[in-house]
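Colleague: How does the following fold in three dimensions:
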Amino acid sequence: MEKSRPELEEVTVGDSSLGLLPEEVAPRPSWGSKLQYILAQVGFSVGLGNVWRFPYLCHQNGGGAFLLLYFLLLVIIGIPLFFLELAAGQSIRQGSIGVWKHISPRLAGIGFASCVVCFFVALYYNVIIGWSLFYIFHSFQYPLPWESCSTAANQTEEVWECVRSSPATYFWYRKALNITDWIEESGGLNGALVGCLFLAWVVVCFSMIRGIKSSGKVMYFSSIFPYVVLLCFLIRGLLLEGAVDGIRIMFTPKLEIWKDIQVWRQAATQVFFALGLGFGSIIAYSSYNSRTNNCHFDAILVSFINFMTSILATLVVFAVLGFRANIITQQCINETMMVLKSLIDGGKLSADFLPAKNLSTTDYSLWYQQMDVNGILRKHKIEDCRVENEMNKGVEGTGLAFITFTEAMTLFPASPFWSVLFFFMLQNLGLSTMLGNMQGIITPLLDNFTALRKRKVLFTVVCCIFGFLFGLVFVQRSGNYFVTMFDDYSATLPLIIVVIFENVAVAWIYGADRFMDDIEEMLGWRPWLIYKYLWKYISLLAMLTLLLASLIRMCIAHPTYRAWNMEEAVEMYLEYPPWALALLIGLIIVASLPIPVLFFKQVLKERWQGKSMDTFSQCSYHRGDTADHICMQESPADPQGQANGSASADTEELAEKGKLLAEDSGEEVEEDKGSLCG
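Modeller: Coordinates of the predicted model:
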C-alpha cells in the first residue's frame, strides 16, 4: 500500500490513512514460511478448549443441533471478526496497541486491555501445562498410579476417600492437587506442582527467547503433534467396544435446544474463544506478514481448521467415553443380576424378574422398562444401567481430561503408552496457545516502547519470571479454585468488551468502506460486500447481545465454584466468599479499565495542550523524539483529521531530520518513521 510523495500530496478528504504507511518500514521480523505462520495461528486458536469444552457443550446442548448452531455463528461472527483482526495487523504491521493507536490515539486502551487479558490468561494457562507435565512424569509406570486405590497407612485397607470416589478422582484431587476443602484455606504451596510450573515457564521462555524466529520453529512440532495423537486415539477408539454408542449419543440432534437463549450464548462464547478473538495475538502474528499476504484466505482456512479440529476432538472424546461407559454399564448390569438373584432367593421377587440370558446394554434397558412398570425394581433400589447415564458424568473441563479420560485409559492395553501420548498432546496444545498469549503481550509492548526493543531478550525473560512468580498463587493447595475463577471471569467479559470496541473502531470510527478500500489496495481485490454489513450491524449486534446475556447471567446466578469435600469424597458447589467476589469483579474491571482511562487521558491531553488534531503544522521536533512525539497523534478516524487529508511534505522532511539526529539505532528510527503520525 505504498504511495509515492506526489501521490500523498494529492490525497483527498477521506482517503485511507493506512495507505500512508510505507510498503517497507524498518526491518521487522517475518515468518520463515507461510506454513509456519498458518501453524502459529492454528496453534494459538486450537487449544485445550477444543478437547474438553467443545465436546461437553456439544453433548449437553443437542449434539448435532449444537454443531449446526456453532457453524452458523462461526460464519456470521467468528470469520468476519477474525478477518478484521488479521487485516488490521497485517496492514499496519504493529501489535495490538499500535494498531488501535494508529486508528485513533484515543483507542490505544483497546490494545492495553488485550495485553492485560493475555497476562491474566497466561498466568493460569501455564499452570494447566504444569499439570500435564505432572501426569506425564507419573505415566512412566505400570500399572498407572490412578488405576487402583492405594492402601492406607496400616497397609491393610484401601483409602476410604479413594473407594468412595474412584482411583482417578482420588489421584487428581489428593495426589496431584492435594487440594483443600474450600478456597479460603490456602494449605501452602504444592512442591511438586511448583517444580512443574517452573519447568513449564522455562519451556515457554526458551520458545520465545528469539521472538518468532524461535517460537515459529517450535510451532512445527507443537501444532502438528496434537493432530497425530488425535488421529491415533480416534483409530484406537473406534476399534473399542461401545465407541459407536458414544458417537451415536454425541451426534443425535435435538433441535428443540435452539429455543434456549443460553445455548445460543454458550455457542457464541465458544466461537469467540475458539478463535482467540480480542487477545491481540492474532494481530501480533499477522503483523509479521508482508502486506500482500492473502489474509482473507487465512481467516477462512484457520477458522475451518479450528472447526474441524473441534469435531475431530469430539469424535475422539466420545469414542473413548463410549468405551468407558460401556464397560461401567456392563459392570452395573452384572451387579444388578446378582442383586436380583438374592432378592429372588429371599422370596422378595418372583423368578419372572430374572432374565433368561445375559443381556447386552441395549437389551437390559428394554428389559428394565418392561419389568419396572409399577416401580417394583426402583423400590428395591435397582437402577436402569444405561450408557447415556455414564456419558453424562464428569465430562467438563479438567474433570474430562484429568479424571474421566485418565480413567478410560487405564482400560486400554499398554495404558502407560496412551497416557504419555495423551498428556504430551495436552502439553503441546497448551504450549502453542501459551506462545500466542505471550506474543500478544510482548509484541505490542516492544512496538510501543523503544526502550524495551533495545533489551528484547531481557524483557522476554523478565516477563516469564514475573509470570512464574504470580503463577505461584495457582499452585497452592487451593490453587485449582483460583484457576477456575480466572478461567471463568478474568477473560470472558473483558474480551467481549475489547472485541466490541475493535468492531466499532473499524466499522464506525475509521469507517467500514475505508477499511475495505485499504484491504483492496493491500490485496489487489475488494473483499465481499457482505463483510461491510457484518462488521457494521450483524457481528456488532451479536457481540452486544452476548455481552448483555453474560451480564444478566452473572447478576442472576450467584458465582459458585466446585470444591472437593474430603470427608464426603464428593464435589460440592460452594458460593465464593465476599473477598473472592471482590477479586473476580476486580479482575474484570482491571482488564477493561485501560479503554476508558486512556481515552479520557488523550482527550484531556488534547484540550490541555490546546492543539488541534487535524494539522501537522504544529509538529515540532526535539532531539531524541520519536515520530509519535513529533506529531500530535493525528487520527485518521477523527472527522477533523479527515479534513486534513494527508501528511504534508514538511512532515516527511521533519521525520527525515529526526532520522539523522536521533540517538537510537537505525532500525528503531526507521520504525518510528514508519509509524509517523500513525
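Colleague: Strands along the chain, start to end?
Modeller: Assigned by DSSP state E, the strands in the chain fall at 560-565, 570-575.
Colleague: so where's this protein uncertain?
Modeller: Residue ranges of the chain with pLDDT under 70: 1-28, 62, 151-158, 211-216, 356-357, 373, 392-397, 611-678.
Colleague: so which of the strands of the chain gets nearest residue 479?
Modeller: Among the strands of the chain, the nearest to residue 479 by CB to CB is strand 560-565 (12.3 Å). (Each C-beta comes from the backbone N, C-alpha and C, glycine too.)
Colleague: which parts of the closest one are buried?
Modeller: Along strand 560-565, these residues count as buried under the neighbour rule (16 or more other CB atoms under 10 Å): 561, 563, 564.
Colleague: burial count for residue 166?
Modeller: Other residues near residue 166 come to 17 when the count uses other CB atoms under 10 Å.
Colleague: Go ahead and confirm it touches residue 407.
Modeller: Yes. With contact defined as CB atoms under 8 Å, residue 166 reaches residue 407; the gap is 6.4 Å.
Colleague: Find the centremost residue of the protein, please.
Modeller: Nearest residue to the geometric centre of the chain (CA atoms, centre = their mean): residue 273, 4.9 Å.
Colleague: What's the local residue count around the closest residue to that residue other than its chain neighbours?
Modeller: In this structure, residue 273 finds its nearest non-sequential neighbour in residue 49, 6.0 Å apart by CB to CB, 6 or more residues apart in numbering. Residue 49 has 21 neighbouring residues, counting by other CB under 10 Å.
Colleague: so residue 49 touches residue 274, yeah?
Modeller: Yes. Look at residue 49 against residue 274 with CB under 8 Å: they come within range, at 6.4 Å.
Colleague: Spit out the contact partners of the residue nearest to residue 380 when sequence neighbours are not counted.
Modeller: Nearest non-adjacent residue to residue 380, counting by CB to CB, 6+ apart: residue 343, 6.1 Å away. When contacts are counted by CB atoms under 8 Å, 6 or more residues apart in numbering, residue 343 touches 349, 353, 380.
Colleague: next one: phi and psi at residue 559?
Modeller: Backbone torsions of residue 559, given as degrees, to the nearest 10, read phi -60, psi 130.
Colleague: So for it, what's the nearest residue that isn't a sequence neighbour?
Modeller: Nearest residue to residue 559 in three dimensions, chain neighbours excluded: residue 576, at 5.1 Å (CB to CB, 6+ apart).
Colleague: what residues are up against that neighbour?
Modeller: 183, 485, 559, 560, 561, 584.
Colleague: redo that, cut-off 10 Å
Modeller: Residues counted as contacts of residue 576 (CB atoms under 10 Å, 6 or more residues apart in numbering) are 183-184, 481, 484-485, 489, 558-561, 582-584.
Colleague: quick one: which of the residues you listed is most hemmed in?
Modeller: Counting by other CB under 10 Å, top hit in those: residue 481 with 25 neighbours.
Colleague: surely residue 522 meets residue 87?
Modeller: Yes. Residue 522 is within contact range of residue 87, at 7.4 Å (criterion: CB atoms under 10 Å).
Colleague: Mind putting the contacts of residue 576 into CSV with distance to residue 227?
Modeller: Listed next are the contacts of residue 576 as CSV, based on distance: CB to CB, whole Å:
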residue, distance to residue 227
183, 37
184, 42
481, 33
484, 28
485, 32
489, 31
558, 40
559, 36
560, 36
561, 33
582, 42
583, 38
584, 35
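Colleague: Please list all residues in contact with residue 242.
Modeller: With contact taken as CB under 10 Å, 6+ apart, residue 242 is in contact with 319-330, 361, 387, 390.
Colleague: And the helices in the stretch 1-150 of the chain, which stretches?
Modeller: 5-9, 34-45, 48-52, 54-60, 64-73, 79-92, 96-103, 108-137 (DSSP state H, counting those that start in this stretch).
Colleague: which stretches of the stretch 151-300 of the chain form helices?
Modeller: Counting by DSSP H, counting those that start in this stretch, the helices of the stretch 151-300 of the chain are 160-164, 167-170, 191-208, 212-222, 225-238, 243-251, 261-274, 281-286, 295-345.
Colleague: Helix 225-238 and the longest one, what's the angle between them?
Modeller: Right, helix 295-345. 30 degrees (axes from the mean of the first three to the mean of the last three CA atoms, to 10 degrees).
Colleague: how near is residue 269 to residue 253?
Modeller: 21 Å (CB to CB, to the nearest Å).
Colleague: So between the two, which is more surrounded?
Modeller: Comparing residue 269 with residue 253 by neighbour count (other CB under 10 Å), the higher total belongs to residue 269, at 19 against 13.
Colleague: Does that one touch residue 499 like I think?
Modeller: No. The pair residue 269 / residue 499 is not scored as a contact, 11.7 Å apart, by CB under 10 Å.
Colleague: Just give me the neighbour total for the residue lying closest to residue 150 once chain neighbours are set aside.
Modeller: If the residues on either side of it in the chain are set aside, residue 150 comes closest to residue 159, at 5.9 Å by CB to CB, 6+ apart. Residue 159 has 17 neighbouring residues, counting by other CB under 10 Å.
Colleague: cool, and residue 46?
Modeller: 26.
Colleague: Helices of the stretch 401-550 of the chain, start to end?
Modeller: Under the criterion DSSP H, counting those that start in this stretch, helices of the stretch 401-550 of the chain are mapped to 405-409, 415-448, 450-454, 456-471, 479-485, 492-504, 512-523, 530-533, 539-556.
Colleague: can I get those helices in a markdown table with distance to residue 69?
Modeller: Shown next, in a markdown table, are the helices of the stretch 401-550 of the chain (distance: least, CB to CB, whole Å):
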| stretch | distance to residue 69 |
| --- | --- |
| helix 405-409 | 26 |
| helix 415-448 | 24 |
| helix 450-454 | 43 |
| helix 456-471 | 36 |
| helix 479-485 | 26 |
| helix 492-504 | 19 |
| helix 512-523 | 27 |
| helix 530-533 | 20 |
| helix 539-556 | 13 |
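Colleague: can you tell me which of these comes nearest to residue 36?
Modeller: helix 415-448 (12.3 Å).
Colleague: now the angle from the closest one to helix 191-208?
Modeller: Going by the same axes, to 10 degrees, helix 415-448 makes 50 degrees with helix 191-208.
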